[in-house]
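Participant: A structural model of the following input is requested.
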Amino acid sequence: MRRLLLAGTLASVALVAAGCGTNATLVNAGRDPASGGTAVVALPVQTSPNWFFPLLSLQADSTINTEITEFSYLPLVYFGPTNRLSTYYGLASSVTYNSAGTRFVVHINPKYHWSNGKPVTASDVVFTYDIMRAGSLPNVNYAWTFAGQGSGGMPTDWKSVTADGPHTVVITTTKPVNQQWFIRNGIGEIIPVPKAVWDRYPTNMKKEMAFINSVANSPNNTVYQVVDGPWKFHSMAANDYWEYVPNTHFDGHKAYLHKLILQYETSDATEFEALKEGTVNYGYLPASFLGDVNQLPNDVFKPEYSLGFNYIQLNLSPKAPHDIGKAFSELAVRQALQMGVDQPGIIKTIYHGYAAMDDTTLATEPPNPFFDPALKTPPYPFNPKKGKEILEKAGWHMVNGVMTKDGMKLEFTMYCASGSHSYDDVDQLLKQDWAQEGIIANIVYQPFDTVISYSTTDANKWQALNWNGGWGYASAYPSGGVLFLTNAAENSGDYSSKTMNQLIEETYQPANYKNTLRHMYAYEEYAAKQLPAVIYIPEVPTYTVHAKNLHNTIRTYNEIGGWIFPNEWWVSN
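Facilitator: Down below sits the predicted model:
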């Protein structure tokens, strides 16, 4: 669900070698950046940040919450645009590991400090890991669940995380793991927080988790004034703006801008007007306005993809309302739903060609070596007539315009994110095409934050979800454990398959590059054909628009994780 706002082209996957990296600056060459000015960034329509603690909860795992984390806190490891470990925006100067894939040593760059002058230490990393582990434990009644549960084997594959001096962290695993996967999807989940600030209940994790939950959406709390990233929270007005100012003690590239403002948007139309009037100087062109880009003569338009895929979430749980989970659990039903998605038509008519086909857990854009070439031809192309035939062969029959089987109607309610005309168009087209197959989808609009909050914990309250997005990979290793392993944190559709579990586990095993790709392709092909509680829809880029006098925005974008770097931006007269 996260990182959907998130150009460049991904180069070959230069897998990280022990201790390698780059410190190359991202600053725009050939010009002299000026200090001062303000960047006003348009938020997605009717979307607000609502979780400021850098380890996200399952219910708050969204793009915008990830972005505000990146403004203020540095990850332990960061991969640059060339897919190599970089010390430029990550705390680690190197990561080494043994050949068995059971021991990893992370060396923290000693230059990094918290904004109160205290150094970032291995002790901070160990404390942060303790929070991640607590939030990932099953059958524990804590105030919140860590969204990264299952990613990088958290917590089952993690044996220990210890400090070996102030700047060295030693991590051991319970079994051999693929080193590249573990560094990216495991260690990559660690975003350290200052232990001295956050460790309020050293001997009572339940109270600690409750405390974090109590301040997670209270950015004015003093705990958020001690950061190690380029920005500090300054002020806000609910459903209006969130203002950040530079962290003057940041040990990396200090911000040129004097202010960074995140602006709430009520509709596509108001956001477009703000771009025209210049009151927003970094935003996006709503898809419904793609034909009106010529009305923005003072702006630059650039579609930006990031690694991920878009999908509709189905609820396969036996707790799903009206027993719809039983119907969705039939592959034939999922196949028919997929064959009722007119991806070429959506891309052409709604997105004016600015979108990519998506038929598995990794879209065709941006180009990357982990995409299985065999899936360039979708296994279930748009064909409502054939979809209807598949249903009939599976025992479904049309009764008064609705496919019915054993008294069950193939009819469901789909909660969709509100506020976007283009999203509405997609929803209505899906409804129309599914009706040709005898599948009735009743569209109900809710705020984005509400739609993405549904999960297996409230499976009795929803049937299908479409927030007009999907999943963005925070790293360049697009495995699916957190999404599709049985009982994984983000497995909101309650999908369970022994074959899927095995294929995902194989992507985690130590392997050379050739075998790593072989395992990944096998997993992607199975996901494409089995539709694991998901129906694929086109991958849509962010249609980035920025004022011509706001520089370095596109040049510094990192499509691996969709990172943006406002501290690199600058304004000219």
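Participant: For P246, see how far away H253 is.
Facilitator: Per Cβ to Cβ, to the nearest Å, H253 is found 11 Å from P246. Every C-beta, even on glycine, is put in place using the N, C-alpha and C of the backbone.
Participant: Mind jotting down where the helices sit in the stretch 101-250 of the chain?
Facilitator: Shown for the stretch 101-250 of the chain, the helices assigned by DSSP state H, counting those that start in this stretch span residues 122-136, 179-181, 195-198, 205-215.
Participant: make that the stretch 401-550 of the chain, sorry
Facilitator: With helices called from DSSP H, counting those that start in this stretch, the stretch 401-550 of the chain shows them at 421-435, 448-451, 481-484, 498-507, 513-530.
Participant: W51 falls within a helix, correct?
Facilitator: No. When the secondary structure is assigned by DSSP: H, G, I helix; E, B strand; the rest coil, W51 falls in coil instead of a helix.
Participant: how much space is there between Y264 and V41?
Facilitator: 11 Å.
Participant: And for N512?
Facilitator: As defined by Cβ to Cβ, N512 lies at a distance of 42 Å from V41.
Participant: re earlier: which one of the helices of the stretch 101-250 of the chain is the most hemmed in?
Facilitator: Each of those was scored by mean neighbour count; the highest is helix 179-181, a mean of 24, by mean count of other Cβ atoms under 10 Å.
Participant: starting at the chain centroid, how far to it?
Facilitator: Counting by Cα atoms, centre = their mean, to the nearest Å, helix 179-181 is centred 19 Å from the centre of its parent chain.
Participant: Then stretch 475-485?
Facilitator: Between the centre of stretch 475-485 and the centre of its chain there are 11 Å (Cα atoms, centre = their mean).
Participant: What is the end-to-end distance of it?
Facilitator: 18 Å (Cα to Cα, to the nearest Å).
Participant: just stretch 260-271 next, same as before
Facilitator: With Cα to Cα as the measure, stretch 260-271 spans 17 Å from end to end.
Participant: contacting residues around it?
Facilitator: 38-49, 64, 68, 71, 231, 239-245, 274, 280, 283-284, 286, 288-289, 419-422, 566 (Cβ atoms under 8 Å, 6 or more residues apart in numbering).
Participant: can you count the residues close to P303?
Facilitator: Look at P303: counted by other Cβ atoms under 10 Å, it has 19 neighbours.
Participant: check which helix or strand covers it.
Facilitator: Using DSSP states H and E, P303 maps to strand 299-304.
Participant: Could you check how far that strand is from the centre of its chain?
Facilitator: 21 Å.
Participant: Of N512 and V41, which one has the most company?
Facilitator: The neighbour comparison of N512 against V41 (other Cβ under 10 Å) goes to V41, with 23 against 9.
Participant: The residue lying closest to that one once chain neighbours are set aside: how many residues sit nearby?
Facilitator: Setting aside the residues directly before and after it, V41 is nearest to Y282 in space (Cβ to Cβ, 6 or more residues apart in numbering), at 4.7 Å. Neighbourhood size, Y282 [other Cβ under 10 Å]: 23.
Participant: do the same with N491
Facilitator: By the measure other Cβ under 10 Å, the count of residues near N491 is 23.
Participant: Use 59 as the first number from now on
Facilitator: Sounds good: first residue 59 from here, last item N549.
Participant: if we can go back for a sec, pLDDT score assigned to the residue nearest to V99?
Facilitator: You'll see Y340 listed with a pLDDT of 97.
Participant: I'd assumed A532 was in contact with G366.
Facilitator: No. G366 is not in contact with A532 according to Cβ atoms under 8 Å; the separation is 9.6 Å.
Participant: distance of the residue nearest to V99 from F470?
Facilitator: Applying Cβ to Cβ to Y340 and F470 gives a distance of 38 Å.
Participant: And K443, by the same measure?
Facilitator: The value you get for K443 to F470, if Cβ to Cβ is used, is 21 Å.
Participant: Same drill for these two, tell me which one is more crowded.
Facilitator: Taking neighbours as other Cβ under 10 Å, K443 and F470 compare with F470 leading, 22 against 9.
Participant: pLDDT score for the closest residue in space to the more buried one that isn't next to it in sequence?
Facilitator: Using Cβ to Cβ, 6+ apart and skipping residues adjacent in sequence, the residue nearest F470 is Q521, 4.2 Å away. Here, the pLDDT recorded for Q521 equals 98.
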